[in-house]
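Student: Fold the following for me, if possible:
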Amino acid sequence: MTTIVPTSEEDPTLFVVRFASELAWADAGPEVAEPQVTRLCMEAQECIVMGKWLDLASLMLTSAELVFSKVSDKELECIFTIICNLVTKLENPEDTLEMAKLISAKITQQPNDKPALRLKILFNLYNMLENSDSRFFVYMQALNFALNGKVTEHVIPSFKKIDSFLKEWNIGVKDQRNLFLTIANVLKENKSSGKDSFKFLTKYLATFSGEDSHAMSEAKEEAVQAVIEFVKAPDTFQCDLLDMPAVGQLEKDAKYALVYQLLKIFLTQRLDAYLEFQAANSTLMKGYGLVHEDCITKMRLMSLVDLASHESGQIPYAFIKDTLRINDDEVELWVVKAITAKLIDCKMDQMNQVVIVSRSTERIFGQSQWQSLRAKLATWRSNVANVISTIQANKITEDGSQGMQGLMIR
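Tutor: A predicted model of the protein is given here:
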């Protein structure tokens, strides 16, 4: 294995050109190799003198790619760090972006050859860039490369900083869509968090609000994907999909109307509606990979949540039994499941066979839910004001009484 050992004060870029070209031509013999190495070094020297940084980057990348399998990972990282550092030489943002594209293209062209190292080099390049357009471009290249090279675990930690990245990049709606959809695909490929994948998929769909039908048709497949992911998710019981125009377009779509109907059942209806739908559309359900037993389990919990929000705080055991289609001895088991999933807060009155609900989760949180919350907050504010007034009135009365007592003592 060849090792990089700098032996002079030679410019690092020239050293990389010389080192890489010597390795590339090593098998040709000294008579052929030496003139070629000299020629390449002279070209590099000319590029440095003339400030032709893009040409220099192209020259260095060609040499570096030839020796990718001949040096260690640490040496490759060192070589590409020097190449990537060329972006700091450029002052024009357009030139910087062009060089970032040039370097990224070379790094990503072999996704199955040392993918983790190549991804690390891409992030090194990202950190050397100051221009937001170039940074966003390289980040997207890293995400797509991680997908192609099956190294998605290395990019997922960066998703925690997406909000700050968005502020820094200041990208348009189309770029946001591309970003959110790619992140959703990375998370889906990695299978690390279905909830996070669904979150970014809904962020993607939300960007189509206000668009015309032609633009929204672009998101039709992703809207279906979001519905199916929601129905499949065993621990997701609330979403805003029904409020999104990108999802709403499915309602009147000949191919996907039943998918929209299924979503509506899960978010607004109860188990009996689902069972009726499943009986008529079992082939459709299987086609989307939906397991009937899993859907029943989720719909029972969703139905219990619906009962909790519509039965004035008290639900008879018999009502739960009939709605969930379960046996008498299973009622408390399903209530406990709903409590464990943090869908409801309640107490079970076994003596009177009722569930007393103190809080329940809303399956959807749209305009009516906001109005209800506003009314509750107004009531709470009024009650607090009344308590404060009562306390102040009592304090005035108490102060007056103490004053009278003082006069009597004198």
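Student: hey, where'd the strands end up in the protein?
Tutor: 314-316, 344-349, 354-360 (DSSP state E).
Student: Switch those over to a markdown table; also include mean pLDDT.
Tutor: Formatted as a markdown table, the strands of the chain follow (pLDDT from 0 to 100):
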| stretch | mean pLDDT |
| --- | --- |
| strand 314-316 | 93 |
| strand 344-349 | 95 |
| strand 354-360 | 93 |
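Student: right, and the ones you listed - which one's nearest Asp328?
Tutor: With C-beta to C-beta, the closest approach to Asp328 among the strands of the chain belongs to strand 314-316: 11.9 Å. All C-beta spots, glycine's among them, are computed from the backbone N, C-alpha and C.
Student: what's stretch 257-275 in contact with?
Tutor: Residues from elsewhere that reach stretch 257-275, judged by C-beta atoms under 8 Å, 6 or more residues apart in numbering: 224, 227-228, 230-231, 239, 241-242, 247-248, 250-251, 253, 277, 281, 284, 288, 295-296, 298-300, 302-303, 306, 323-325, 363-364.
Student: from the chain's centre, how far out does it sit?
Tutor: Its chain's C-alpha centre and that of stretch 257-275 lie 26 Å apart, by C-alpha atoms, centre = their mean, to the nearest Å.
Student: Was I right to think Ile79 contacts Ala64?
Tutor: Yes: with contact defined as C-beta atoms under 8 Å, Ile79 reaches Ala64; the gap is 5.3 Å.
Student: overlap in contacts of those two?
Tutor: The contact lists of Ile79 and Ala64 share Val16, Ala20, where a contact means C-beta under 8 Å, 6+ apart.
Student: in stretch 178-189, what counts as buried?
Tutor: Asn178, Leu179, Phe180, Leu181, Thr182, Ile183, Ala184, Asn185, Val186, Leu187, Lys188 (16 or more other C-beta atoms under 10 Å).
Student: for the record, mean pLDDT for that stretch?
Tutor: Averaged over stretch 178-189, pLDDT sits at 95.
Student: Let me have the strands of the chain in CSV, extended by distance to Leu262 and mean neighbour count.
Tutor: Listed next are the strands of the chain as CSV, based on distance: least, C-beta to C-beta, whole Å; neighbours: other C-beta atoms under 10 Å:
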stretch, distance to Leu262, mean neighbour count
strand 314-316, 26, 17
strand 344-349, 24, 16
strand 354-360, 23, 17
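Student: Export the ones you listed to JSON lines and append columns for distance to Ala33.
Tutor: As requested, those are exported to JSON lines (distance: least, C-beta to C-beta, whole Å):
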{"stretch": "strand 314-316", "distance to Ala33": "85"}
{"stretch": "strand 344-349", "distance to Ala33": "77"}
{"stretch": "strand 354-360", "distance to Ala33": "77"}
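Student: mind listing which of the buried residues of stretch 178-189 are in helices?
Tutor: If you go by DSSP state H, the buried residues of stretch 178-189 have Asn178, Leu179, Phe180, Leu181, Thr182, Ile183, Ala184, Asn185, Val186, Leu187, Lys188 in helices.
Student: Output the residues you listed as CSV; include the columns distance to Glu168.
Tutor: Formatted as CSV, those follow (distance: C-beta to C-beta, whole Å):
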residue, distance to Glu168
Asn178, 17
Leu179, 13
Phe180, 16
Leu181, 20
Thr182, 18
Ile183, 16
Ala184, 21
Asn185, 23
Val186, 20
Leu187, 22
Lys188, 26
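Student: Which single one of the residues you listed is nearest to Thr340?
Tutor: The closest of those, once distances to Thr340 are taken by C-beta to C-beta, is Leu187, at 25.2 Å.
Student: wait, the closest one sits on Ile156?
Tutor: Yes: here Leu187 reaches Ile156: they are 7.0 Å apart, a contact under C-beta under 8 Å.
Student: on that earlier part again, out of the buried residues of stretch 178-189, which one sits closest to His310?
Tutor: Distance to His310 across the buried residues of stretch 178-189 (C-beta to C-beta) is lowest for Ala184, with 33.6 Å.
Student: For the closest one, list the residues it contacts.
Tutor: Ser197, Phe198, Phe200, Leu201, Tyr204.
Student: Local confidence estimate at the closest residue to Leu284 other than its chain neighbours?
Tutor: Nearest non-adjacent residue to Leu284, counting by C-beta to C-beta, 6 or more residues apart in numbering: Leu258, 5.8 Å away. If you check Leu258, the pLDDT there is 97.
Student: Distance of the closest residue to Val186 other than its chain neighbours relative to Tyr139?
Tutor: Nearest non-adjacent residue to Val186, counting by C-beta to C-beta, 6+ apart: Thr152, 4.9 Å away. Per C-beta to C-beta, to the nearest Å, Thr152 is found 14 Å from Tyr139.
Student: next one: Gly29
Tutor: Counting by C-beta to C-beta, the gap from Gly29 to Tyr139 is 44 Å.
Student: Between these two, which has more neighbouring residues?
Tutor: Tyr139 (21 against 9; other C-beta atoms under 10 Å).
Student: Per-residue pLDDT of that one, please?
Tutor: Model confidence at Tyr139, given as pLDDT, is 98.
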